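>>> my questions concern the predicted model and sequence given below.
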Amino acid sequence: MALFYFIVKVGRKAFPDPVGEEFENIADACAHAHRVAHELMRNRENRTRHWRVQVCDDYLQPCYECLFADLDQRLEAFGDVVRGSVIQVARTTAALNDAMQDIDDTMSDLRQTMRLLDAATPGFSAVPVNRS
Amino acid sequence: MPHLKNEILSRVSSRDLQLLRPHLRLVELEHGRVIADNRERVHTVFFPHCGILSCVVELKDGSSIETGMIGNDGVFGAMQAIDDRLSLNKVMVQIPGRASVVEAGIIKKVADSSPDFRGLIVKYEQFLLAQVQQTTACNAVHNIEARTCKWLIRMYDLAGTDLPLTQEFLAQMMGVQRTSVSTVASQLQGKGLIEYRRGRVQIRNIEAVQHQACECAHAVREHYAEVFGDGQKMSAGLSDLDQTT
């Protein structure tokens, strides 16, 4: 048995799984992730299509991720073109959220670096940048 | 009199209470204790004072789901005692507490001699059926967040704001995966509605929880008021809410 963690990503927020669950293999863990996705999106599919469940191994390394839209059986009624478009929008929304989160993280790192630099060299961040 | 902490016993006429009183005794309800199993004859009738009993349906694949809660507003086993029937599902202690208990045979004797007492038991059974029907509809059409909030409101009505609950148990009661409950609990905590610590859930903002819940929690309260015909608040929790608003 191996321990897997299931992180649910909603917009720019991630809800970590502090406990984790044991499964025989990654296939069983993925099946569990699908069950969780179905439960979380049931009766509110429109609002949750861009949500994702990420499966991480014992070392918290991501090994699988599923987008709720990919599992939404309601979309099957609309044909491949519409279904594909909706999934693409959901995927793009999720990617955009990841990108914005990355920017937030980078800005946070930058602020921290500037604070450290200010502490080491008082007034450094106030020095005008020479653009010539 | 401690037995009157149960709302059903508090509604029993003084004559019927005189008949019951010598046979009533107090017991502790320990978390997880199974007080009746599926298709098992009911020998003891429980009138909870505090704590919560859960009616749970178990399925062949090992999963289970809660269909009703019984707290100090109700009684378990009285209807089965009257008709010598079996328990239709598993009933277990969800939140520990205390209850007045009496042998099923005594309940049958009092009910046979008193139409009022029998009527009271039938009324509660009617409410319990309404609660189960509402839960069925809720499980079918409402989303997990609304259902969790509805569930918290019912718990609040019966047990107040501080609930000794693990996510595993909550998931089992709602018939979903622990990961799903964990995500919803984190979202509610992030919005300041609840505070979750290991093994305990504290409701921080009941008005907001009610806002997030489906209509089922309100419907269950209305069923109770209609069945008992006096609009009485069904809980210590609800009284708390009235005092704060």
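Structure's in. What do you need? Residues are numbered from 1 along each chain as shown, chains lettered A, B, ... in the order given.
>>> mind listing the strands for chain A?
A:2-10, A:13-15, A:21-23, A:52-56, A:62-67 (DSSP state E).
>>> same question, chain B
Secondary structure of chain B, counting by DSSP E: strands at B:25-29, B:34-36, B:44-58, B:64-70, B:90-103, B:162-163, B:194-197, B:200-203.
>>> ok, and for stretch A:45-58, which residues are buried?
A:Glu45, A:Thr48, A:Arg49, A:His50, A:Trp51, A:Arg52, A:Val53, A:Gln54, A:Val55, A:Cys56, A:Asp57 (16 or more other Cβ atoms under 10 Å in any protein chain shown). Every C-beta, even on glycine, is put in place using the N, C-alpha and C of the backbone.
>>> off-centre distance for the helix of greatest length in chain B?
Using DSSP state H, we find that the single longest helix of chain B is helix B:115-141. In terms of Cα atoms, centre = their mean, to the nearest Å, the centre of helix B:115-141 is found 11 Å from the chain centre.
>>> nearest residue to residue 7 other than its sequence neighbours?
Answering for chain A, as no chain was given. A:Gln54 (4.5 Å; Cβ to Cβ, 6 or more residues apart in numbering or on different chains).
>>> that's the other chain; I wanted chain B
B:Asp73 (4.9 Å).
>>> touching, A:Val19 and B:Arg178? I think so.
Yes. Assessed by Cβ atoms under 8 Å, A:Val19 is found in contact with B:Arg178 at 7.4 Å.
>>> gap between B:Leu20 and chain A?
Per Cβ to the nearest Cβ, to the nearest Å, B:Leu20 is found 44 Å from chain A.
>>> give me the mean pLDDT for the biggest helix by length in chain A.
Using DSSP H, we find that the single longest helix of chain A is helix A:79-120. Here helix A:79-120 scores 92 as its mean pLDDT.
>>> swap in stretch B:229-245?
47.
>>> near chain A, which residues of chain B show up?
For chain B, the contact set with chain A under Cβ under 8 Å from any Cβ of the partner chain comprises B:141-145, B:167, B:176-180, B:182-184, B:186-187, B:190.
>>> buried ones among those residues?
Buried, going by 16+ other Cβ under 10 Å: B:142-145, B:167, B:176-180, B:182-184, B:186-187, out of those.
>>> before we move on, back to that, among the strands of chain B, which is nearest B:Val122?
strand B:44-58 (14.3 Å; Cβ to Cβ).
>>> report the angle between that closest one and helix B:115-141.
Counting by axes from the mean of the first three to the mean of the last three Cα atoms, to 10 degrees, strand B:44-58 points 20 degrees away from the direction of helix B:115-141.
>>> now, of the strands of chain A, which is deepest in the fold?
Most buried of the strands of chain A by mean neighbour count (mean count of other Cβ atoms under 10 Å in any protein chain shown) is strand A:52-56; its value is a mean of 22.
>>> so in that sheet, which strands flank that one, and in what orientation?
Paired neighbours of strand A:52-56 in the sheet (DSSP bridges): strand A:2-10 (antiparallel), strand A:62-67 (antiparallel).
>>> quick revisit: list residues touching both of A:Val19 and B:Arg178?
B:Gln167 (Cβ atoms under 8 Å, 6 or more residues apart in numbering or on different chains).
>>> just give the nearest non-adjacent residue to B:Ala36, would you?
Distances taken as Cβ to Cβ, 6+ apart place B:Ser87 nearest to B:Ala36, at 3.9 Å, with adjacent residues excluded.
>>> B:Ser186 versus that neighbour, what's the distance?
Separation of B:Ser87 from B:Ser186 (Cβ to Cβ, to the nearest Å) stands at 36 Å.
>>> before we move on, what about B:Ile95?
22 Å.
>>> ok, now A:Cys56?
16 Å.
>>> repeat that for B:Leu9.
Counting by Cβ to Cβ, the gap from B:Leu9 to B:Ser186 is 40 Å.
>>> what does B:Asp83 give?
From B:Asp83 to B:Ser186 the distance is 45 Å (Cβ to Cβ).
>>> and stretch A:16-29, anywhere near chain B?
Yes. Using Cβ under 8 Å from any Cβ, stretch A:16-29 reaches chain B at A:Asp17, A:Val19, A:Glu21.
>>> where does chain B dip in pLDDT?
B:1, B:230-245 (pLDDT under 70).
>>> quickly list what the closest residue to B:Thr183 other than its chain neighbours is bridged to.
In this structure, B:Thr183 finds its nearest non-sequential neighbour in A:Val8, 4.4 Å apart by Cβ to Cβ, 6+ apart. A:Val8 has these beta-bridge partners by DSSP bridges: A:Phe15, A:Val53.
>>> okay, now A:Gln61: neighbour count?
The number of residues packed near A:Gln61 is 9, by other Cβ atoms under 10 Å in any protein chain shown.
>>> how about B:Ala213?
Residue neighbour count, defined by other Cβ under 10 Å, stands at 22 for B:Ala213.
>>> need the contact list for B:Ala36.
Counting by Cβ under 8 Å, 6+ apart, B:Ala36 makes contact with B:Val42, B:Phe76, B:Gly77, B:Ser87, B:Lys90, B:Val91.
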